[in-house]
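K.L.:
I'd like to go over a predicted model; first the sequence, then the structure.
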Amino acid sequence: MDTKKKILLVEDDTALAAVYRSRLELEGFDIREVNNGEDALTAAIEFKPNLILLDAMMPKISGFDVLDILRNTPDTTNIRVIMLTALSQPKDKERAESLGADDYLVKSQVVIGDVVERVKFHLGMTK
């Protein structure tokens, strides 16, 4: 039986997404990558990820709106969500937390190893 944890990677910067994807796949995760908020909402329901890595700044539907919708949809309300964003203002972090983000990582302040660590922590995989 395949017990790989599933991660939905929502990032409109495809180069960055590719880097995260390959690292997370190396760590043994099953990754689905989408590049906008609309696809993220569809994939959250179809793919049923254990965790979503969610970019905030995206065309059409922002990560904040995606988070809001996820938390208000019964099928997705309990999925762990880590916001991974360029926005470093406290007000943005507060907004993410008020909408129910499990974690908030600023891209300029973390390296990919930190992100992997947070993912594992939220999935209960840390020693």
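P.N.:
Received it, and whenever you're ready, just let me know what you need.

K.L.:
low-confidence ranges, this structure, go.
P.N.:
1-2, 127 (pLDDT under 70).

K.L.:
now the strands for it?
P.N.:
Using DSSP state E, the strands of the chain run over 6-10, 30-34, 51-54, 80-85, 103-106.

K.L.:
show me the contacts for Thr126.
P.N.:
Glu117, Lys120 (CB atoms under 8 Å, 6 or more residues apart in numbering). Every residue, glycine included, has its C-beta placed from N, CA and C.

K.L.:
before we move on, back to that, tell me which of the strands of the chain is the most buried.
P.N.:
strand 51-54 (a mean of 26; mean count of other CB atoms under 10 Å).

K.L.:
give me the residues contacting that one.
P.N.:
5-11, 20, 40, 44, 63, 66-67, 70, 79-84, 101, 115, 119, 122-123.

K.L.:
CA-only coordinates of stretch 104-115 in CSV, if you can.
P.N.:
The C-alpha coordinates for stretch 104-115 follow below in CSV (Å, rounded to 0.1, in the frame of the first residue of the first chain):
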residue,chain,number,x,y,z
TYR,A,104,3.7,31.2,7.3
LEU,A,105,7.1,31.2,5.7
VAL,A,106,8.7,34.1,3.9
LYS,A,107,10.6,33.0,0.8
SER,A,108,13.5,35.4,1.4
GLN,A,109,13.9,34.2,5.0
VAL,A,110,14.0,30.4,4.5
VAL,A,111,16.0,27.9,2.5
ILE,A,112,14.4,24.9,1.0
GLY,A,113,15.6,22.7,3.9
ASP,A,114,13.6,24.8,6.3
VAL,A,115,10.5,24.4,4.2
